[in-house]
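Q: model this:
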Amino acid sequence: MEPRALLGLAVLGLYVVIGTVLAVYARRMGIKSSRDYYVAGYRMGSLLSALTYAATTYSAFMMVGLVGFTYLYGSGALGFELVYFVGTMFLLTILAPRAWRMARERKWISISDMLSDLYSSKLVGGVVAVVFLYALVPYMGAQVVGIATSVKGLLGGGEILGLDSYLFGVLVGGIVLITWVVVAGMWSVALTDALQGVLMILAAAGFLVWILDYTSRNPGLGEVSHTLASRGLLGITSFWKPVVFIGFTVPWFFFAVTNPQVVQRLFIPRDQRALSGMVKWFALFGLSYTVVVTVIGLVARGLTETGYLPSIEDKDMVTPTLLSIAPPLLSALVFTSIAAAAGSTVDSIALTVASSVVTGLYKPFSKKPSEAVEILVGRIIVVVLVLAASVIAIKKIGFIVALSVLSSAILLPLAPPTIYAWLHPEKAERASRAALASIVSGVSIATAAVLEYGVGALVKPLLGLPIPLWVLLVSTLSFILLPRTSSTRHPDHD
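A: Below you'll find the model as predicted:
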């Protein structure tokens, strides 16, 4: 094995060891109830809450996907990502305090639990749990692909211990991810997320410093900037047509209220001060990381335009190409941060989906539910979910890839009923049928679009409007137009 590969494996191994120690240490926080396991007993501080929120939000897409998007399509990629950031900050500022307060009062531990309670409907909670399985397990599979690809990149391909390096990455990744969730639930996930968040920002900063130094010593930063401007890459390129920009940004704008792994994190801060701190620290992290990543992509394109880097057609190969010429230790740190980011997303989704299945499908229909059984069932579900994601990664199923790319669009119909219930909890119980109609109609349209257009459904115009906007419009109209019940409590609540 080459020295570069050995160094990469050593850095990745060190990260896994430290993460596992933190996961085991998390048991000291005390896991006595399902609230302790799934939402850290509502006891988490602001910085740890912010780091787990950031690590869960920013997956391997950033250092691989967004770098590649910026390289190919210019600074419009920054605008696309900033729309997500602005939307998230707006929604968090307005809605997070309401969600946090109600979670305390009503003892929520999952999003199925939350919507079932607000709409006084077991059916709403059950349907939401099924939607999460349907939309997010494929996304978990795509993240495991990211982990395995990073391991393969670290090792330079080939085999290790008699296994193909990609398969080795899937197997080791699966074992580690299961361990980190099962040991102490949200506490172990949050502590390993904090490790990942620190690694992610430090690796990105080091990557930026290196590429700026490399550029200044070769074509020069001034020449790169001039070249990018002359090619129109510092403005809005032809790729970012209105239908494309809207198609990309609409699902991401509502990410903070539709994706359960981040919504659940609104429940965990120990008090309002911790919640406020979480939002502020996340804002600092998110804005910094977004700018750093897009600058890396732009400078990489400038290096290509000035002849110091070969032309790269595959956007997902931009970061690996840069790391192939970067110092070995920096390359190992960045590759490890990519694998860590993907792993954090898988763990967070697995725990969140497991909690939703427990509260939306198991608990309502169990004759004698208990805290211990809820934790045990959740742990079993986590194992099954990670194993399913690993199988998806090994098989590389095409349709699954399409679903993972469009997972946020598929979850978009949750926005109208969630926002309405947070703003008007006293009225929500009369709107359970409207909530169901909103979710089912929107998810059906998104699914039909995936079947027809694959990954292109995100930007495919239909009567001049991108399909994600149609999903949001139909789900919103379904929610608004369906009559409310006159009873104060929906009959399927009990």
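
Q: residues in contact with the residue nearest to the spatial centre of the chain?
A: For the chain, residue 57 is the residue whose C-alpha lies nearest the centre (Cα atoms, centre = their mean; 4.4 Å). With contacts defined as Cβ atoms under 8 Å, 6 or more residues apart in numbering, the neighbours of residue 57 are 88, 255, 262, 282, 286. From N, CA and C alone the C-beta is placed, and that goes for glycine too.

Q: Make sure residue 334 is actually in contact with residue 323.
A: Yes. Taking contacts as Cβ atoms under 8 Å, residue 334 lies within contact range of residue 323: 5.8 Å.

Q: out of the two, which sits in the busier spot?
A: residue 334 (29 against 23; other Cβ atoms under 10 Å).

Q: Ignoring the adjacent residues along the chain, who's closest to the more buried one?
A: residue 203 (4.7 Å; Cβ to Cβ, 6 or more residues apart in numbering).

Q: what comes up buried for the strand or helix carrying that neighbour?
A: Assigned by DSSP states H and E, residue 203 falls within helix 186-217. By 16 or more other Cβ atoms under 10 Å, the buried positions in helix 186-217 come out as 186-197, 199-201, 203-204, 206-208, 210-211, 214-215.

Q: Same question for the helix or strand following it: list its buried residues.
A: With elements assigned by DSSP H and E, the helix or strand that comes after helix 186-217 is helix 221-230. By neighbour count with 16+ other Cβ under 10 Å, helix 221-230 contains the buried residues 224, 227-228.

Q: taking the mean pLDDT, what do you get for helix 221-230?
A: For helix 221-230, the mean per-residue pLDDT is 93.

Q: Please work out which residues outside that helix touch it.
A: Everything outside helix 221-230 that qualifies as a contact, by Cβ under 8 Å, 6+ apart, is 74, 212, 215, 219, 234, 298-299, 301-303, 305-306.

Q: swap the cut-off to 6 Å and go again
A: With contact meaning Cβ atoms under 6 Å, 6 or more residues apart in numbering, helix 221-230 is reached by 215, 234, 302, 305-306.

Q: can you check stretch 189-200 too?
A: For stretch 189-200, contacts defined as Cβ under 6 Å, 6+ apart pick out 19, 22-23, 26, 48, 51-52, 54-55, 180, 337, 340-341, 344, 347, 351.

Q: which of those residues lies closest to residue 4?
A: residue 337 (16.8 Å; Cβ to Cβ).

Q: remind me which residues of the stretch 251-400 of the chain are low pLDDT?
A: 397-400 (pLDDT under 70).

Q: what ranges do the strands span in it?
A: Secondary structure of the stretch 251-400 of the chain (DSSP state E, counting those that start in this stretch): no strands present.

Q: Quick one: the helices in it, in order.
A: Secondary structure of the stretch 251-400 of the chain, counting by DSSP state H, counting those that start in this stretch: helices at 255-258, 260-263, 272-305, 318-323, 328-357, 371-395, 398-405.

Q: I'd like these laid out as CSV, including distance to residue 426.
A: Shown next, in CSV, are these (distance: least, Cβ to Cβ, whole Å):
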stretch, distance to residue 426
helix 255-258, 19
helix 260-263, 21
helix 272-305, 22
helix 318-323, 49
helix 328-357, 24
helix 371-395, 28
helix 398-405, 36
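
Q: ranking the ones you listed by burial, who's on top?
A: Greatest average neighbour count among these goes to helix 328-357 (a mean of 27), per mean count of other Cβ atoms under 10 Å.

Q: Give me the helices and strands touching it, please.
A: Under the contact criterion of 3 or more Cβ pairs under 6 Å, 6 or more residues apart in numbering; DSSP states H and E, helix 328-357 touches helix 3-25, helix 122-155, helix 165-182, helix 186-217, helix 260-263, helix 371-395.

Q: that older thread, need the contacts of helix 221-230 in a markdown table with distance to residue 134, can you?
A: Formatted as a markdown table, the contacts of helix 221-230 follow (distance: Cβ to Cβ, whole Å):
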| residue | distance to residue 134 |
| --- | --- |
| 215 | 44 |
| 234 | 40 |
| 302 | 42 |
| 305 | 43 |
| 306 | 46 |
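
Q: just to revisit the earlier point, average pLDDT across the helix holding residue 203?
A: Helix 186-217 shows a mean pLDDT of 94.

Q: Taking helix 272-305 as reference, get the angle to that helix.
A: 30 degrees (axes from the mean of the first three to the mean of the last three Cα atoms, to 10 degrees).

Q: Numbering from 544 from now on, please.
A: Taking 544 as the first residue, the last one we looked at is helix 729-760.

Q: so helix 729-760 versus helix 546-568, what angle?
A: Using the same axes, to 10 degrees: helix 729-760 against helix 546-568 is 150 degrees.

Q: angle of helix 729-760 against helix 708-725?
A: Angle between the axes of helix 729-760 and helix 708-725 is 140 degrees (criterion: the same axes, to 10 degrees).

Q: nearest residue to residue 672 other than its sequence neighbours?
A: Closest to residue 672 by Cβ to Cβ, 6+ apart is residue 903, at 3.4 Å.

Q: my guess is the one you found contacts residue 655, does it?
A: Yes. Assessed by Cβ atoms under 6 Å, residue 903 is found in contact with residue 655 at 3.1 Å.

Q: Who has more neighbours out of the two?
A: Set side by side, residue 903 and residue 655 show more neighbours around residue 655, with 31 against 28, by other Cβ under 10 Å.

Q: per-residue pLDDT, the more buried one?
A: 96.

Q: With residue 895 as the reference, measure out to it.
A: Distance of residue 655 to residue 895, given as Cβ to Cβ, to the nearest Å: 10 Å.

Q: Common neighbours of these two, please.
A: Common neighbours of residue 655 and residue 895 (Cβ under 6 Å, 6+ apart) do not exist.

Q: hang on, the earlier thing: out of the helices and strands packed on helix 871-900, which is closest to residue 584?
A: Nearest of the helices and strands packed on helix 871-900 (Cβ to Cβ): helix 729-760, 8.5 Å.

Q: How far does the helix holding residue 746 sit from its chain's centre?
A: 17 Å (Cα atoms, centre = their mean, to the nearest Å).

Q: next one: stretch 895-909
A: 21 Å.

Q: Now do the end-to-end distance for that stretch.
A: Start-to-end span of stretch 895-909 (Cα to Cα, to the nearest Å) is 20 Å.

Q: Identify the residues contacting that stretch?
A: Against stretch 895-909 from outside (Cβ under 6 Å, 6+ apart): 581, 652-656, 665, 668-669, 672, 675, 679, 803-804, 807, 912, 917, 920-921, 924-925.

Q: With stretch 628-646 instead?
A: Counting by Cβ under 6 Å, 6+ apart, 796, 799-800, 809-810, 818, 822, 826, 829, 965 sit against stretch 628-646.

Q: how does it look with 7 Å?
A: For stretch 628-646, the external contacting residues (Cβ atoms under 7 Å, 6 or more residues apart in numbering) are 795-800, 809-810, 812, 815, 818, 822, 826, 829-830, 833, 962, 965, 968.

Q: picking that back up, I'd like the buried residues of helix 764-773 as a markdown table, with distance to residue 930 appended.
A: Listed next are those as a markdown table, based on distance: Cβ to Cβ, whole Å:
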| residue | distance to residue 930 |
| --- | --- |
| 767 | 46 |
| 770 | 48 |
| 771 | 45 |
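
Q: and of those residues, the nearest to residue 576?
A: Out of these, the member with the shortest distance to residue 576 (by Cβ to Cβ) is residue 771, at 54.7 Å.
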